[in-house]
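>>> Next one to model:
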Amino acid sequence: MAAGEYLLAGQTSELERLQLQSRVWEPSGQRLLEAIGPGRGRALDVGCGVLGWLRLLSRWVGPDGEVVGTDIDDAMLAAAAQFVKDEQLSNVRLIKDDLFATALEPASFDLVHARFELTPLGRVEEQLATYLRLTHHGGVVVLEDPDWGSWHFNPPAPALQQLITFIREAFRRWGDAEAGRKQLQLFRRVGVEANVRAEVLALPPGHPYLRLPLQFTTALEARLLSFVDATELARLRTEAEAELKEPERWGTTFTLIQSWGRVA
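As a prediction, this is how the structure comes out:
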């Protein structure tokens, strides 16, 4: 799979968004790892981007373990390498790898994690099959994907909400917008009894993650213009910027669906 086939690949703005995203959701990942239990051995972060779960998994496996972070995009891996260096994560190794033609050894990981991978890629059965193949007997596969229903602004922000509608439509057309809701079903289809939890974050006025609709529409612009008029998109962005400047504007994120199961 070429990097350009990934729905959000290639933009500098995407690197910035992914770093913010990882930091915002890091506490949720920590709580999930605590639910899974003590770490050990080797862990894989598929599509780690610029940060992903690298820091979390480095702590989880401990100094005697190893974390492998993979991505298909060179810019993502370069940013991740700088982060690993700055954080002195000596047990983390980064590899350029194509999930759909992976060179990783089967059954070689105690934990395989994939965050926001099913939704933009949309090849959900094939993706899960690969995750399971890379996990050894008794190991854990972890999936994280959004459920869009809780993504709102308060007071109501019509332009921002319309941008969210466009974003969901892009994922519906070129990925799998409902992947978060399918996680348990996907696990059960392959005989894995999985657990599920969910988190929604409240973002106070001025929080940088409130800008996510604008960041997404920048990354997705080429796709959006296939079904949205350019003038209309520009107008909505301008109005959305004004809505975000209102001092009382706060919001809730999409719901992060987290599912995990042990490989039999």
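
>>> and the helix or strand bottoming out on mean pLDDT in the chain, how far from the chain's centre?
Lowest by mean pLDDT, DSSP states H and E among the helices and strands of the chain is helix 12-36, with a mean of 91. Remark: helix 12-36 is offset 8 Å from the chain centroid, using Cα atoms, centre = their mean, to the nearest Å.

>>> What residues sit buried inside that helix?
14-15, 17-22, 24-25, 28-29, 32-33 (16 or more other Cβ atoms under 10 Å). (Glycine included, C-beta is placed from N, CA and C.)

>>> Which SSE is immediately downstream of it?
Using DSSP states H and E, the helix or strand that follows helix 12-36 towards the C-terminus is strand 42-46.

>>> Would you state the helices of the stretch 51-200 of the chain in chain order?
54-61, 74-87, 118-121, 124-134, 158-174, 179-189 (DSSP state H, counting those that start in this stretch).

>>> export these to CSV and tack on distance to Gly206?
Formatted as CSV, the helices of the stretch 51-200 of the chain follow (distance: least, Cβ to Cβ, whole Å):
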stretch, distance to Gly206
helix 54-61, 25
helix 74-87, 25
helix 118-121, 27
helix 124-134, 36
helix 158-174, 15
helix 179-189, 27
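
>>> Identify whichever of those lies nearest to Arg237.
Between Arg237 and the helices of the stretch 51-200 of the chain, the shortest gap by Cβ to Cβ is with helix 158-174, which sits at 7.4 Å.

>>> got the CA positions of that closest one in PDB?
Extracted C-alpha coordinates of helix 158-174, given in PDB (Å, rounded to 0.1, in the frame of the first residue of the first chain):
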ATOM      1  CA  PRO A 158     -23.200  25.400  12.700                       C
ATOM      2  CA  ALA A 159     -20.100  25.800  10.600                       C
ATOM      3  CA  LEU A 160     -18.000  23.500  12.700                       C
ATOM      4  CA  GLN A 161     -20.800  20.900  12.700                       C
ATOM      5  CA  GLN A 162     -21.100  21.100   9.000                       C
ATOM      6  CA  LEU A 163     -17.400  20.500   8.600                       C
ATOM      7  CA  ILE A 164     -17.800  17.400  10.800                       C
ATOM      8  CA  THR A 165     -20.600  16.200   8.500                       C
ATOM      9  CA  PHE A 166     -18.200  16.500   5.500                       C
ATOM     10  CA  ILE A 167     -15.400  14.700   7.400                       C
ATOM     11  CA  ARG A 168     -17.700  11.800   8.200                       C
ATOM     12  CA  GLU A 169     -18.800  11.600   4.600                       C
ATOM     13  CA  ALA A 170     -15.200  11.400   3.400                       C
ATOM     14  CA  PHE A 171     -14.500   8.500   5.800                       C
ATOM     15  CA  ARG A 172     -17.700   6.800   4.600                       C
ATOM     16  CA  ARG A 173     -16.700   7.100   1.000                       C
ATOM     17  CA  TRP A 174     -13.000   6.200   1.200                       C
END
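
>>> Check which helices and strands that helix sits against.
helix 118-121, strand 152-154, helix 212-219, helix 221-224, helix 230-245 (3 or more Cβ pairs under 8 Å, 6 or more residues apart in numbering; DSSP states H and E).

>>> name the helices or strands packed onto the first one?
The one in question is helix 118-121. helix 124-134, strand 135-147, helix 158-174, helix 179-189.

>>> From the rest of the structure, what touches the first one?
What that stands for is helix 124-134. Residues outside helix 124-134 that contact it (Cβ atoms under 8 Å, 6 or more residues apart in numbering): 44, 46, 99-100, 102, 104-109, 112, 114, 117-118, 121, 141, 143, 176, 179, 182, 186-187, 189-190, 192, 263.

>>> Would you list the buried entries among those?
44, 46, 99, 102, 104, 108-109, 112, 114, 117-118, 121, 141, 143, 176, 179, 182, 186-187, 192, 263.

>>> Fine, thanks again, bye for now.
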